[in-house]
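>>> for reference, the sequence and a predicted model appear below.
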Amino acid sequence: MASLAEIRAKLKEQEANTGGNRGPQGPNPIYPFWNIKEGESATMRFLPDSDQDNTFFWKERLMIKLPFSGVKGDTSSRPVQVQVPCMEMYGDSCGILAEVRGWFKDPSLEDMGRKYWKKRSYIFQGFVTDNPLADDQAPENPVRRFIIGPQIFQIIKQALMDPDMEELPTDYTAGVDFRLNKTSKGGYADYGTSNWARRERPLSDAEMNAVNTHGLFNLSDFLPKKPGEIEVKIMQEMFEASVDGEAYDPDRWSNYFRPSGMAARTGDPNKSSTNGTATSMTAAPAPQAPVAETAPAAPVPTPTPVAAPAPVAEPAAPAGDGADILAMIRARQGQ
């Protein structure tokens with residue numbers, strides 16, 4: 001039997017590993033940069049993934065948002081949204097995307113297709129070296145996690161392909177900081193002026209001590225668990241119900257996926273089920289910056305000498321979007 005101290009330590013560890021489902025006033029291991037005021041900036045220093053098999057210092061997260069008209073059995077409920085993992089995140093084909101992709105052949109279904117298309121975000125880790133958020137309470141471990149959207153990620157990636165960047169930005173001695181700037185554009189938050197520092201900066205003694213004391217996270221631990229056969233069927237069932245305009249049915253689905261804040265097997269967010277809790281497949285939405293979400297580009301036929309092919313639902317990946325990104329930098333280091 002574990003001691004009370006051991007139980008408390010284990011619970012604290014589990015809470016940290018699940019993103020710290022704490023109140024807004026408590027320490028948060030995920031840095032909420034989206035709360036920065038317009039015109040302010042935060043400076044971050046990204047760190048490597050502890051997973052040596054990960055080529056990058058981030059992990060891509062692919063989620064599909066399923067909107068429902070409300071909750072079945074609750075006449076006072078408002079529209080809710082459930083996030084489920086896209087199977088492409090695990091290298092498998094995604095049944096939902098397979099169906100949605102065909103919608104882009106019909107112009108009248110393009111908007112619907114964008115609504116159900118996969119949404120990308122990227123998980124990073126590192127330090128916040130300049131924090132404008134006065135009410136942000138950092139956890140004991142100063143190595144924070146960052147949920148980065150496509151706009152900021154493109155800035156990060158483009159710099160990695162720049163020949164002028166000769167060292168990995170995560171290098172402990174020759175790395176560089178990243179300055180995140182928040183402005184507005186078209187009524188939405190905009191981070192397009194964010195940039196890398198021009199000068200290298202070695203980690204401070206305090207930062208090195210934090211890395212040595214707490215270690216680095218394995219970023220894959222913060223991705224949703226891969227759905228099994230049953231979960232895949234539930235996801236498809238929920239998708240079809242969502243498209244048909246049905247309400248979310250907690251009796252059928254809450255043990256697998258549910259809106260944030262809802263307890264398993266019941267529409268009452270304050271009452272837990274006595275029959276067990278939802279599996280680890282429950283996909284609580286990651287904090288998102290309040291920016292306009294970029295939908296997949298409208299499909300365009302790829303010219304072929306034979307026939308016009310089916311349009312694609314997502315723009316082709318830019319050149320260099322793969323293991324060659326960091327391989328290029330490492331090759332420069334070896335010269």
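Alright, I've got the coordinates. In this text, all values refer to a predicted model and were calculated from it rather than measured experimentally.
>>> quick one: low-confidence ranges for the stretch 1-150 of the chain?
Applying pLDDT under 70 to the stretch 1-150 of the chain flags residues 1-25.
>>> tally of neighbours for the closest residue to residue 182 other than its chain neighbours?
Leaving aside its chain neighbours, residue 182 sits nearest to residue 36 (4.7 Å; criterion: CB to CB, 6 or more residues apart in numbering). To be clear about C-beta, it is placed using only N, CA and C from the backbone, and glycine gets the same treatment. Neighbourhood size, residue 36 [other CB atoms under 10 Å]: 21.
>>> for residue 78, which non-adjacent residue is closest in space?
Nearest residue to residue 78, sequence neighbours excluded (CB to CB, 6+ apart): residue 70, at 6.5 Å.
>>> residue 256 versus the one you found, what's the distance?
From residue 70 across to residue 256, the span is 19 Å (CB to CB, to the nearest Å).
>>> and residue 71, by the same measure?
15 Å.
>>> swap in residue 60?
Where residue 256 is concerned, residue 60 sits at a distance of 23 Å (CB to CB).
>>> dump the longest strand seen in the chain to CSV, restricted to CA.
In the chain, with assignment by DSSP state E, the single longest strand is strand 119-130. Below are the C-alpha coordinates for strand 119-130, written out as CSV (Å, rounded to 0.1, in the frame of the first residue of the first chain):
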residue,chain,number,x,y,z
LYS,A,119,-7.6,20.9,-37.7
ARG,A,120,-3.8,21.0,-37.1
SER,A,121,-2.0,22.2,-34.0
TYR,A,122,1.6,21.5,-32.8
ILE,A,123,2.8,20.7,-29.3
PHE,A,124,6.2,22.3,-28.3
GLN,A,125,7.9,22.6,-24.9
GLY,A,126,10.3,25.2,-23.5
PHE,A,127,10.8,28.2,-21.3
VAL,A,128,8.9,31.5,-21.2
THR,A,129,11.7,34.0,-20.7
ASP,A,130,9.6,37.1,-21.1
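>>> please list the outside residues in contact with the helix or strand following that strand.
Later in the chain than strand 119-130, the nearest helix or strand by DSSP states H and E is strand 144-148. Strand 144-148 has contacts (CB atoms under 8 Å, 6 or more residues apart in numbering) with 19, 29-31, 33, 44, 46, 58, 61, 121-128, 138, 156, 217, 222, 286-288.
>>> neighbour count: residue 60 and residue 256, which is higher?
residue 256 (23 against 14).
>>> distance-wise, check that one relative to residue 238.
8 Å.
>>> and the residue nearest the centre of the chain, bridged to which residues?
Nearest to the centroid of the C-alpha atoms of the chain, with distances taken as CA atoms, centre = their mean, sits residue 121, at 3.6 Å. Bridge pairing for residue 121 (DSSP bridges) gives the partners residue 61.
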